[in-house]
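Engineer: here you go, sequence then predicted model.
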Amino acid sequence: MNLDRRQFARAASSGLALFVIPGWFAACQRADSSQVGQLEPGERPRLVLHVPDDEARRDTLGLLLGLFLMHGDDAELAWLAACDIECATTLQLDYRGFDLSRVHALLFVPGEPPVVALEGNFPFEDLYAVPDDERNVEWSNQLLDKRLRTRTTANNTWIAAQLAKVLGPGSRAFDLGCVRERERFGELPVGQQPSFECALSTPFLSADKAAQRPSQSVEWSGALASVVRERWRSISPKGSSWAGSHGCGLDLETPPPSRELLLYACGMGHSPEFTRRFLYLFTADERAEFAR
């Protein structure tokens, strides 16, 4: 099986990607070299999002991480090109021995103990809070949109900085990832040019090229970010669903079997376009429905 980018996009939009992944990634042929394939899922780092029991924390995490995937820039998203992403509840992660009251995500690197990938307070957890200097300013969609974008940018920068520490040069994940990719595919040619295919097959070596060749870092980051966008904007991490809201209603793109709409659409609410698509993190009960 050999699907190109356009075929992947069509498959993802139709739901077929749920079945071709990870087969597509395992069978993807790099167009600009003789090397073929991709690391198997079990050989890739797993970024596991912590789904807390507290509903407010769960909703906040889904919103902010969803906005990161939707609106992160190339350099920020690039770190995720090497990862599989999935979700786990507090109960599933409790035995790991971490202070889960502050942990938003753990990174599992093959053959290594898990490490905290994302923790602490986001710079802006309440995107909609009105600052004091705007309390007497007439409300407008433009003002709200500017506030949401500014706060999301700050959150995304904060998220990316933590991901860079556990996935970037100098990290255990990066060093081992480069070794695995070299063992499987060999070293990238000296004159290797940035490409989607290369970033897909050898994300760590591609990131290494970006670090070694500053003149091409923008192009390499763009290629890596394209892998992230085409994979994770089409389908949500396991244990979650992309969701959309226009006010009161909440539509899930991958609903639990028992329901398609979590809240009724009253027609009176308003959801800004910028934050309209986000991740909904399934509770333990909702996850159990898929196993029935």
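Structural biologist: Sure thing, it's come through. Since the model is a prediction, treat every value here as computed from it, not as a measurement.

Engineer: what about the residue of the chain most remote from its centre, helix or strand, and which?
Structural biologist: Going by Cα atoms, centre = their mean, the residue of the chain most distant from its centre is Asn136, 37.2 Å out. Using DSSP states H and E, Asn136 is not contained in any helix or strand.

Engineer: could you measure from it over to Glu286?
Structural biologist: Separation of Asn136 from Glu286 (Cβ to Cβ, to the nearest Å): 42 Å. To be clear about C-beta, it is placed using only N, CA and C from the backbone, and glycine gets the same treatment.

Engineer: pretty sure Thr152 contacts Gly66?
Structural biologist: No. Taking contacts as Cβ atoms under 8 Å, Thr152 lies outside contact range of Gly66: 10.3 Å.

Engineer: parallel or antiparallel, list what pairs with the strand or helix carrying Trp242.
Structural biologist: Trp242 is part of strand 240-244, with elements assigned from DSSP H and E. Sheet pairing for strand 240-244, assigned by DSSP bridges, gives strand 251-252 (antiparallel), strand 277-281 (antiparallel).

Engineer: flag every buried residue along that strand.
Structural biologist: Within strand 240-244, the residues scored as buried using 16 or more other Cβ atoms under 10 Å are Ser240, Ser241, Trp242, Ala243.

Engineer: format the residues you listed as JSON lines; extra columns: pLDDT and distance to Asp132.
Structural biologist: Listed next are the buried residues of strand 240-244 as JSON lines, based on pLDDT from 0 to 100; distance: Cβ to Cβ, whole Å:
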{"residue": "Ser240", "pLDDT": "95", "distance to Asp132": "35"}
{"residue": "Ser241", "pLDDT": "94", "distance to Asp132": "36"}
{"residue": "Trp242", "pLDDT": "95", "distance to Asp132": "34"}
{"residue": "Ala243", "pLDDT": "93", "distance to Asp132": "31"}
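
Engineer: which of the residues you listed sits closest to Trp232?
Structural biologist: Comparing the buried residues of strand 240-244 against Trp232 with Cβ to Cβ places Trp242 closest, at 9.3 Å.

Engineer: shouldn't the closest one be in contact with Gly66?
Structural biologist: Yes. Counting by Cβ under 8 Å, Gly66 is a contact partner of Trp242 at 7.3 Å.

Engineer: report the contact partners of Pro123.
Structural biologist: By Cβ atoms under 8 Å, 6 or more residues apart in numbering, the residues touching Pro123 are Arg151, Ala154, Asn155, Trp158.

Engineer: let me know the closest of those residues to Arg102.
Structural biologist: Closest approach to Arg102 among the contacts of Pro123 (Cβ to Cβ): Trp158, at 13.8 Å.

Engineer: mind listing the helices for this protein?
Structural biologist: Ranges of helices within the chain are 5-14, 17-20, 23-27, 55-71, 74-77, 90-93, 141-167, 172-185, 196-201, 203-212, 217-232, 284-291, based on DSSP state H.

Engineer: mind putting the ones you listed in a markdown table, mean neighbour count and mean pLDDT included?
Structural biologist: Below are the helices of the chain laid out as a markdown table (neighbours: other Cβ atoms under 10 Å; pLDDT from 0 to 100):
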| stretch | mean neighbour count | mean pLDDT |
| --- | --- | --- |
| helix 5-14 | 15 | 40 |
| helix 17-20 | 14 | 35 |
| helix 23-27 | 16 | 34 |
| helix 55-71 | 20 | 96 |
| helix 74-77 | 21 | 98 |
| helix 90-93 | 15 | 92 |
| helix 141-167 | 18 | 96 |
| helix 172-185 | 18 | 95 |
| helix 196-201 | 24 | 95 |
| helix 203-212 | 22 | 95 |
| helix 217-232 | 21 | 97 |
| helix 284-291 | 13 | 81 |
